[in-house]
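Peer 1: Sequence first, then the predicted structure:
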Amino acid sequence: MPKPFSLLLVDDDPNDLELFQRALANLPIDATLHTARDGFEALELLHVRGSEDLPKLLVVDYKMPRMDGVQLLAELQKEQRFRQIPAVVLTSSHDRRDIERAYAAGANAYLVKPVNFNAFNRQVEVLLTFWLQHNHTVASPGERL
């Protein structure tokens, strides 16, 4: 039996974490969700995992205390094994400078959080369906993508 997809969601807002968890629970995707409240916590989680146990997707908020999403993405670019994890910024900021900084730091996508729960659910569904079921990664041959 294939193991579930592993996701890492990095967001300091407990309401956003809960909304994402609820949206994920409504999807027919076998995924294990790990969470961190900021970039430092995310780095700690990633460093204790072996290369074979890294998440298949990183979803990160832009603005967080201690280490924000862009700082986290820049840190991840320093290590080869972390550069292979697709990173999506999911944030409330529409600011063009934030978008430019996120892509410059290594983001693979930048999404603005909808304020409506149904729209948020749909966005999470499209996001996870694409990145976990359709996108091909640098996975080992025969590994479930």
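Peer 2: Right, received. Where do you want to start? Residues are numbered from 1 along each chain as shown.
Peer 1: What about Pro14, how many residues nearby?
Peer 2: Other residues within reach of Pro14, judged by other CB atoms under 10 Å, total 10. Just so you know, the C-beta spots here come from the backbone N, C-alpha and C atoms, and that holds for glycine as well.
Peer 1: quick one, strands of this protein?
Peer 2: With DSSP state E applied, the chain shows strands at 5-10, 31-36, 57-60, 87-91, 109-112, listed in chain order.
Peer 1: low pLDDT regions in the chain?
Peer 2: 1-3, 50-51, 138-145 (pLDDT under 70).
Peer 1: Could you rerun that using 80?
Peer 2: Counting by pLDDT under 80, the chain has low-confidence residues at 1-4, 49-52, 136-145.
Peer 1: So for it, the centremost residue is which one?
Peer 2: In the chain, the centroid-proximal residue (CA atoms, centre = their mean) is Val59; its distance is 1.6 Å.
Peer 1: quick one, phi/psi of Ile85?
Peer 2: phi -80, psi 120 (degrees, to the nearest 10).
Peer 1: How about the contacts made by it?
Peer 2: Counting by CB atoms under 8 Å, 6 or more residues apart in numbering, Ile85 touches Leu54, Pro55, Lys56, Leu57, Leu58, Leu76.
Peer 1: got a markdown table for the residues you listed, with distance to Ile99 and neighbour count too?
Peer 2: As requested, those are exported to a markdown table (distance: CB to CB, whole Å; neighbours: other CB atoms under 10 Å):
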| residue | distance to Ile99 | neighbour count |
| --- | --- | --- |
| Leu54 | 26 | 16 |
| Pro55 | 23 | 23 |
| Lys56 | 24 | 23 |
| Leu57 | 19 | 22 |
| Leu58 | 17 | 28 |
| Leu76 | 18 | 22 |
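Peer 1: Quick one: the strands of the chain as a markdown table, columns for distance to Arg101 too.
Peer 2: Listed next are those as a markdown table, based on distance: least, CB to CB, whole Å:
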| stretch | distance to Arg101 |
| --- | --- |
| strand 5-10 | 16 |
| strand 31-36 | 20 |
| strand 57-60 | 13 |
| strand 87-91 | 10 |
| strand 109-112 | 10 |
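Peer 1: Wait, the residue nearest to the centre of the chain touches Ala23, no?
Peer 2: No: with the criterion set as CB atoms under 8 Å, Val59 and Ala23 do not qualify as a contacting pair; they are 11.1 Å apart.
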